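Novice: Got a sequence here, can you build the structure:
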Amino acid sequence: MFWWAIAWFQQLPRVEPPFERLVGPGAGPIKELDLPDASGRIHTIAEWAGKPAVVLAFLVPDGPERRELDAEFHQLVGRFAPKGVSFLGVDPMPAIDPERWARRWSERALPFPILLDARHRVARQAGIASTPTAVVVLPDGQVVYRGPIDRRSRGLRDALSALENGLLPTITEEPSRGQPIPPMAASPDLDRPITFNKDVAPILWNNCARCHRPGEVGPFSLLTYRDAAKRASFLLEVIESGQMPPWKAHPGAGVFLDAARLSILEKETLARWVETGCAEGDPADLPPRPGFPEGWSLGPPDLILTMPRPWEQHPGKFDTYRAFALPMPTDRDVALTAVEFHPGNRKIVHHSRLHVDETGDARRREESDPAPGFAGWRGRNIMELPYPGIGGWTPGLTPRHSPEGSGRIIRRGSDVVLQVHYHPSGKVETDQSSVGLYFARGPLARPMAGLSISTDRIHIPAGAKRQPLIQAARVKADIRLYTVVPHAHYLCREFRLSATLPDGTVQPLLWITDWDFDWQDQYRFARPVRLPKDTILTFAAYFDNSEENPRNPNHPPRLVRYGIQSQDEMCACHLEFLPEESSGYAEYPNKSPFGM
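Specialist: Just a heads-up that it's a prediction; the model follows:
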């Protein structure tokens, strides 16, 4: 395991990542397009599927430096369009005569369609203030670049080059030199009533129903008009405050899969619906309800393992960490590509971790304990079960397969070890959770590797409002980083993870400005991040042990140290990656301690 390296981590420079200077406010997401080009054809976001990236160039017909810009566009399209990158021009000018508008643009003969955004629906989603400005988006509408188009700034070309190679570029927001976009055209939509059936249902179904539907973790359903209307004011409050959807990663520091973020247009629609009386609308306007996965999100598993005996959680003030050895009934080695955890009792299961034991140690420990399972932690100074990890679960987490060709070999005769964090509900509860395992259909090209930057040297004085804890680790081989999993308890308020490249460039990777113990997540990058050998990873966490911290479990505040109880603290950041060369595995000989 990697916990032995903690002392070595402490020898590296521990400098606070300067995110206030490096990270912009974040743009997007862009979830609506539906704009006409000069021929009247409506372009939609559905056309972006399967593209490595889409470039939206916000332009006006008679903008400054048009010759230089047009020459640059021809070069960019010639260089990146054959690789699958799409290019679209977006004109935010107020509506004029369509024929005159089309004629003005045809004179420039740009190598891509120009779309009319007279009501600034796309410009506002992208956060555009002036033209010319380029925005690079992924097919799901997440923005990875917003800034100049001209050659004097290499940001646009660098972003496209990274995406061309299947990598995530540094999230870049640079000011554009140009003219402010003109005032928005008057919109007849502003006079149209907003209804649940036509406007609100798709927003709730696409953004909230993953958790807020029967049988899921959300405390209530949001599938029907009645569900939403009786909670309309509350929904608006938690959306405007940023509490919901519960996505904690700052969009200016990293772009991740399954990002639960509303666009500015979605927020405006929900606000207008509440403010205008929550109309239901014409039933004919209600689109078909999406087909949510029933049972296992990834489809039927190749193998389902269930706790052989239920665990009984008694009321009390202390949490319980319990581990359960689940034998693998396979007569051969298997290549594992995904795991999916199903909690048996969501009232008491806070989160879980999954490990694999090839030694029989977990099974022997369980056999020696008369209660189901065995103690999930060996002691205060040992921070994990001594087995490699294969996954984990927190509420709302979307399970995914590992990148193509990668995964984890599980040897014949091994046990899956399920570690569950239980918290008391105030009465006796039982749990009998299950794990679904998915196997590769062919041989693995390479296994996942990982490390953990963590410490048990935690000392947070009572009353400290912003106590930093900064740790660092050196990357010992060229790697592609896929997943970041931070972990702490109630006193933590902020997380920062950055990479200082060998040339001194600091690249933000993850910034959580409002850490919430109840909404921990695995942050999977939308594309892997390439980190060369000798990159320094710096992980900074900030703790608030004052009376003003509404999440502080101790009243009055007390000195808090490392410990497994929720009123104690932890500080860890787990990373999962693939070495670019097979020789890199010699530097990371053990499997990832957490996750795939």
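Novice: what number of residues lie near the nearest residue to H74 once chain neighbours are set aside?
Specialist: The shortest distance from H74 to any non-neighbouring residue, by C-beta to C-beta, 6 or more residues apart in numbering, is to P111 (5.8 Å). C-beta coordinates here come from the backbone N, C-alpha and C atoms, glycine included. P111: 14 surrounding residues under other C-beta atoms under 10 Å.
Novice: what's near enough to touch P111?
Specialist: P111 makes contacts with 73-74, 77-78, 81, 87, as judged by C-beta atoms under 8 Å, 6 or more residues apart in numbering.
Novice: Please tell me how far it sits from Q75.
Specialist: According to C-beta to C-beta, to the nearest Å, P111 and Q75 sit 10 Å apart.
Novice: do the same with A323
Specialist: In terms of C-beta to C-beta, A323 sits 58 Å off from Q75.
Novice: So which of those two has more stuff around it?
Specialist: Taking other C-beta under 10 Å, A323 and Q75 do not tie; A323 has more neighbours (23 against 13).
Novice: What residues sit buried inside stretch 116-133?
Specialist: 116-128, 131-133 (16 or more other C-beta atoms under 10 Å).
Novice: S297: neighbouring residues, count only.
Specialist: 16.
Novice: Quick one: residues contacting it.
Specialist: Counting by C-beta under 8 Å, 6+ apart, S297 has contacts 340, 398-399.
Novice: Show me where the stretch 51-200 of the chain has its helices.
Specialist: For the stretch 51-200 of the chain, the helices defined by DSSP state H, counting those that start in this stretch occupy 66-80, 98-106, 121-126, 155-164.
Novice: Now tabulate these in JSON lines and tack on distance to V485 and mean pLDDT.
Specialist: What follows is the helices of the stretch 51-200 of the chain, written out as JSON lines (distance: least, C-beta to C-beta, whole Å; pLDDT from 0 to 100):
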{"stretch": "helix 66-80", "distance to V485": "33", "mean pLDDT": "93"}
{"stretch": "helix 98-106", "distance to V485": "48", "mean pLDDT": "87"}
{"stretch": "helix 121-126", "distance to V485": "30", "mean pLDDT": "95"}
{"stretch": "helix 155-164", "distance to V485": "23", "mean pLDDT": "95"}
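Novice: Buried deepest among these, which one?
Specialist: helix 121-126 (a mean of 22; mean count of other C-beta atoms under 10 Å).
Novice: Pull the distance from that helix to the chain's centre.
Specialist: On the basis of C-alpha atoms, centre = their mean, to the nearest Å, helix 121-126 sits 22 Å off its chain's mean C-alpha point.
Novice: Please name every helix or strand in contact with it.
Specialist: strand 54-58, helix 264-275 (3 or more C-beta pairs under 8 Å, 6 or more residues apart in numbering; DSSP states H and E).
Novice: related to what we said a few turns ago, out of the contacts of S297, which is nearest to T330?
Specialist: E340 (17.6 Å; C-beta to C-beta).
Novice: thought the closest one was touching P301?
Specialist: Yes - contact criterion C-beta atoms under 8 Å: E340 and P301 qualify, at 6.7 Å.
Novice: can you map out the helices along the protein?
Specialist: Under the criterion DSSP state H, helices of the chain are mapped to 6-10, 19-22, 66-80, 98-106, 121-126, 155-164, 201-207, 225-229, 232-240, 264-275, 361-367.
Novice: hang on, the earlier thing: could I get the contacts of P111 as CSV with distance to D478?
Specialist: Below are the contacts of P111 laid out as CSV (distance: C-beta to C-beta, whole Å):
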residue, distance to D478
F73, 34
H74, 35
V77, 31
G78, 30
A81, 29
F87, 31
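Novice: sorry, back to before: please list only the buried members of the contacts of S297.
Specialist: The buried subset of those (16+ other C-beta under 10 Å) comprises 340, 399.
Novice: Under the pLDDT cut-off, which ranges of the stretch 101-250 of the chain? List them.
Specialist: By pLDDT under 70, the low-scoring segments of the stretch 101-250 of the chain are 185-191.
Novice: same thing but at 90, please
Specialist: 101-104, 106-108, 118, 150-154, 175-179, 181-192, 210-211, 214-219, 242-243, 246 (pLDDT under 90).
Novice: which ones are touching the nearest residue to E312 once chain neighbours are set aside?
Specialist: Spatial nearest neighbour of E312, chain neighbours left out: T430 (5.3 Å); criterion: C-beta to C-beta, 6+ apart. Counting by C-beta under 8 Å, 6+ apart, T430 touches 310-313, 344-345.
Novice: now those residues in TSV, with distance to G277?
Specialist: Listed next are these as TSV, based on distance: C-beta to C-beta, whole Å:
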residue	distance to G277
P310	48
W311	48
E312	49
Q313	45
G344	42
N345	40
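Novice: Next, the distance between the ends of stretch 202-216.
Specialist: The straight-line separation of the ends of stretch 202-216 (C-alpha to C-alpha, to the nearest Å) is 19 Å.
Novice: So which residues of the stretch 251-400 of the chain form strands?
Specialist: Remark: strands assigned in the stretch 251-400 of the chain by DSSP state E, counting those that start in this stretch are 303-306, 311-313, 320-327, 334-342, 349-357, 374-375, 389-393.
Novice: Between these, which one is closest to E548.
Specialist: Nearest of the strands of the stretch 251-400 of the chain (C-beta to C-beta): strand 349-357, 24.9 Å.
Novice: tell me what the closest one is packed against?
Specialist: So strand 349-357, by 3+ C-beta pairs under 8 Å, 6+ apart, packs with strand 334-342, strand 389-393, strand 415-422.
Novice: change it to 10 Å
Specialist: In this structure, strand 349-357 makes packing contacts with strand 320-327, strand 334-342, helix 361-367, strand 389-393, strand 406-410, strand 415-422, strand 434-439, strand 479-488, judged by 3 or more C-beta pairs under 10 Å, 6 or more residues apart in numbering; DSSP states H and E.
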